[in-house]
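Asker: Structure, please.
(one chain, ligands or ions: 1)
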Amino acid sequence: MVKRFNDLQQLNGEAAELFIQTANEAIAAGGHFTVALTGGSSPAALYQLLATVPYRDQVQWEHVYIFWGDERWVPLSDDRSNARMAFETLLTHVPIPEEHIFPMWADGVSPEEFAREYEQTLRLHLHPEGRFDLILLGMGPDGHTASWFPHTDVLHEQHKWVVGYYLDAQDMYRITLTVPLVNRAARVAVIAYGANKADALYEVLKGVRNSEQYPAQLLDIADERITWFVDEAAAARI
Ligand SMILES: O=C(O)[C@H](O)[C@@H](O)[C@H](O)[C@H](O)COP(=O)(O)O
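Answerer: A predicted model of the protein is given here:
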């Protein structure tokens, strides 16, 4: 479903409520909550909100396990790191055990080998079939999500859960969860706001099927399991 907001504070408030509700349901049902965070700039305000009262006190952080949907292959100290942004806005401000946080970065290993190791870690923590309780995503102006960039091979990966690959367009390696793993999640929340997302949002939600060009079209899960949190500027064409 698509939730449209005039006000970003309200958008982030409702996204925070979804995070909290999903966490509490998962913890009540199975004792822990597995979530993959997104990077980019859009989720920063949501993460800051989750780190503040009253939201922060509504999550049993000791039962939360943090992964990432994708990452730029850079050290955690690099200001391009998605993990760094999450630590600065959320993870250092809530009582989550350090051993419950799994950044997509390691020194001294290739991105490809890291991806294989990260997949093994996921197999230890996710429900047997590899189902996250929640995956947070953003969407680029080009219609990419996670690190599913247009015309890349990762769009066609149907077996691996995690892939590390060199992204020519950005001259950097990326680590990303794959399409089948994301589409298996119990819930997905996509945060996309700003006028620069309007064309891509139209193509992804209403346009002709062209997932090579608009990879977020690959988010092919039942409507009640995915929520798009968009502002009116991004929703101008839908
Ligand atoms: O590593 C990344 O860049 C993100 O994971 C990426 O998929 C992001 O969600 C989109 O690029 C939107 O980014 P903005 O929120 O900054 O527009």
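
Asker: pretty sure Ala234 is touching Ala195, no?
Answerer: Yes. Taking Cβ atoms under 8 Å as the definition, Ala234 is a contact partner of Ala195 at 7.0 Å. Where you see a C-beta, it was placed from the backbone N, CA and C, and this is true even at glycine.

Asker: mean confidence score for the longest helix that the chain contains?
Answerer: Using DSSP state H to define each element, the chain has its longest helix at helix 8-30. Mean pLDDT, computed over helix 8-30, is 98.

Asker: what does stretch 140-151 give?
Answerer: 98.

Asker: ditto for stretch 66-75
Answerer: 98.

Asker: Any buried residues in it, and which?
Answerer: Ile66, Phe67, Trp68, Gly69, Asp70, Glu71, Arg72, Trp73, Val74 (16 or more other Cβ atoms under 10 Å).

Asker: all strands for the protein, in order.
Answerer: 2-5, 33-37, 64-68, 70-72, 134-138, 162-167, 172-177, 188-192, 226-231 (DSSP state E).

Asker: Indicate which one of those is closest to Ala15.
Answerer: strand 226-231 (5.0 Å; Cβ to Cβ).

Asker: what packs against that closest one?
Answerer: Here strand 226-231 touches strand 2-5, helix 8-30, strand 188-192, helix 198-205, going by 3 or more Cβ pairs under 8 Å, 6 or more residues apart in numbering; DSSP states H and E.

Asker: quick one, what contacts the residue lying closest to Arg84 once chain neighbours are set aside?
Answerer: Among residues not flanking Arg84 along the chain, Leu76 sits closest, at 5.4 Å (Cβ to Cβ, 6 or more residues apart in numbering). Counting by Cβ atoms under 8 Å, 6 or more residues apart in numbering, Leu76 makes contact with Ala83, Arg84, Phe87, Pro103, Trp105.

Asker: what about 7 Å?
Answerer: Ala83, Arg84, Pro103, Trp105 (Cβ atoms under 7 Å, 6 or more residues apart in numbering).

Asker: And Gly138, by the same measure?
Answerer: Counted by Cβ under 7 Å, 6+ apart, Gly138 has contacts Thr38, Gly40, Ser42, Pro43, Thr145, Ile191, Ala192.

Asker: For this structure, which residues are neighbours of the ligand?
Answerer: 38-42, 70, 72, 82, 138-140, 144-146 (Cβ under 6 Å from any ligand atom).

Asker: Out of these, which sit inside helices?
Answerer: Asn82.

Asker: Columns distance to Gln9 on top of the residues of the chain next to the ligand, output as JSON lines?
Answerer: Shown next, in JSON lines, are those (distance: Cβ to Cβ, whole Å):
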{"residue": "Thr38", "distance to Gln9": "19"}
{"residue": "Gly39", "distance to Gln9": "22"}
{"residue": "Gly40", "distance to Gln9": "19"}
{"residue": "Ser41", "distance to Gln9": "16"}
{"residue": "Ser42", "distance to Gln9": "14"}
{"residue": "Asp70", "distance to Gln9": "26"}
{"residue": "Arg72", "distance to Gln9": "28"}
{"residue": "Asn82", "distance to Gln9": "23"}
{"residue": "Gly138", "distance to Gln9": "18"}
{"residue": "Met139", "distance to Gln9": "20"}
{"residue": "Gly140", "distance to Gln9": "23"}
{"residue": "His144", "distance to Gln9": "26"}
{"residue": "Thr145", "distance to Gln9": "24"}
{"residue": "Ala146", "distance to Gln9": "26"}
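
Asker: No further queries at this time; thank you.
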